[in-house]
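Chemist: whatever this is, show me its structure:
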Amino acid sequence: MAYAYDWCQGRANLVLDKAHSRYEDVQREIDGLRLKRREVENSVESIITTLKNTIEFVREQDGRERDEKILLHRPKAIDIREASVWSHDRESERTAERA
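Modeler: Next up, the predicted model:
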């Protein structure tokens, strides 16, 4: 009987050792997955920050382009005397009179 008891005790210890070994393997896998999750979270946060900065930059550029277009489409200031039809007629009359 002592032999059977020793055999059962040895078998139980072997099962416990294998279970403990498997537990440690699973715990290492869980820890590895947690590290990967943290890395992915950091990566996603970095991507989000980059996208926010990119959107802000594009909006600023669009605003600048709109401002530049507005400035380019403003009418030029001109001298009214030069633009007047009458002033051109008078000038041509003066030229004709001198000739």
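Chemist: can you give me the helices in this structure?
Modeler: Ranges of helices within the chain are 2-72, 80-83, 85-98, based on DSSP state H.
Chemist: with mean neighbour count and mean pLDDT added, can I get those helices in CSV?
Modeler: All C-beta spots, glycine's among them, are computed from the backbone N, C-alpha and C. As requested, those are exported to CSV (neighbours: other Cβ atoms under 10 Å; pLDDT from 0 to 100):
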stretch, mean neighbour count, mean pLDDT
helix 2-72, 10, 91
helix 80-83, 9, 60
helix 85-98, 10, 60
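Chemist: mind listing what Arg66 touches?
Modeler: When the contact criterion is Cβ atoms under 8 Å, 6 or more residues apart in numbering, Arg66 has no partners at all.
Chemist: that one and Lys36: what is the separation?
Modeler: Noted for Arg66: a distance of 45 Å to Lys36, by Cβ to Cβ, to the nearest Å.
Chemist: one more: Asn42?
Modeler: 11 Å.
Chemist: same question, Phe57
Modeler: Counting by Cβ to Cβ - Phe57 and Lys36 are separated by 31 Å.
Chemist: what's the answer for Thr50, then?
Modeler: The span separating Thr50 from Lys36 equals 21 Å under the rule Cβ to Cβ.
Chemist: same check on Arg22?
Modeler: 21 Å.
Chemist: got it, and Glu29?
Modeler: Plainly put, Glu29 is 10 Å away from Lys36 if you go by Cβ to Cβ.
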